[in-house]
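J.: For reference, the sequence and a predicted model appear below.
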Amino acid sequence: MVAAVVKRRTASGILLLVVLFSPALGVAQTSTLRTATLIARLMAYDRALASRAGKSLTIAIVHSRKNASEGNEHFAAFSRLKTFSIQGLRLQSIKIAYVGEKELAAQIKAHGVDVLFVCSGLSHAVPAISRTAKKGRALTTYADPSYTKKGLAVGVVTQNGKSRVIIHLSNAKAQGALLASSLLRIATVIGR
């Protein structure tokens, strides 16, 4: 029994490593699509996801009104993943133009948002987004390396052409996530 669990977790870890460091996954991968794919796959390692999510896994792409084009690009990438099933939940995505904490909280509640992907250009709003995510139990994700220590939980950043997962563990826990140890072993973990 224990051997089967270890084999399954090892296989899951190997699969994640292949996804993280493989330049192509059978699809022409843009940097944005690759980031979206990795973030979607990382959600499979959230052991509390089923208790937080509804009938589907809703990822909201949060962008600044001044940078709607980046929001559109990430939305298109996450939308391509609508056939994905994460822990038996169908993946869906929405876009939210960030205008303030109160409005974001209303959007999280209205759409049943489980994950926030925070686009670049919102550095000034990261603390408010993080507070709102904690209240709404939505896990925050990002690809902008400058967000690493600003209050968000899970980053997929590209350095030297390779993707790297960064997890701020205390933020992830505060936002309701319970990330598997197999993921924590291969990620850069801060904020224990």
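T.: Now that the structure is in, tell me what you want to look at. Source: prediction; values computed, not measured.
J.: Going by residue numbers, what spans are strands in this protein?
T.: Counting by DSSP state E, the chain has strands at residues 56-64, 85-86, 89-98, 115-118, 139-142, 154-159, 162-168, 188-190.
J.: Would you mark the buried spots in the third one?
T.: The neighbour-count criterion (16 or more other Cβ atoms under 10 Å) identifies L89, L91, Q92, S93, I94, K95, I96, A97, Y98 as the buried residues of strand 89-98. Quick note: C-beta positions are derived from backbone N, CA and C, even for glycine.
J.: Contact partners for the last one?
T.: When contacts are counted by Cβ atoms under 8 Å, 6 or more residues apart in numbering, Y98 touches V62, H63, S64, R65, L104, L122, A125, I129.
J.: Now with 6 Å, please.
T.: Shown here is Y98, whose contacts under the criterion Cβ atoms under 6 Å, 6 or more residues apart in numbering are V62, S64, L122, A125.
J.: any idea of the pLDDT on D46?
T.: The predicted structure scores D46 at 96 on the pLDDT scale.
J.: no, scratch that, I was asking about L20
T.: Model confidence at L20, expressed as pLDDT, equals 46.
J.: cool, and A4?
T.: Reading off the confidence values, A4 has pLDDT 43.
J.: With Q159 instead?
T.: pLDDT at Q159 comes out at 82.
J.: Would you mind measuring from the closest residue to it other than its chain neighbours to S79?
T.: Residue nearest to Q159 in three dimensions, not counting chain neighbours: P145, with 7.5 Å by Cβ to Cβ, 6 or more residues apart in numbering. Applying Cβ to Cβ, to the nearest Å, one obtains 25 Å for the distance of P145 from S79.
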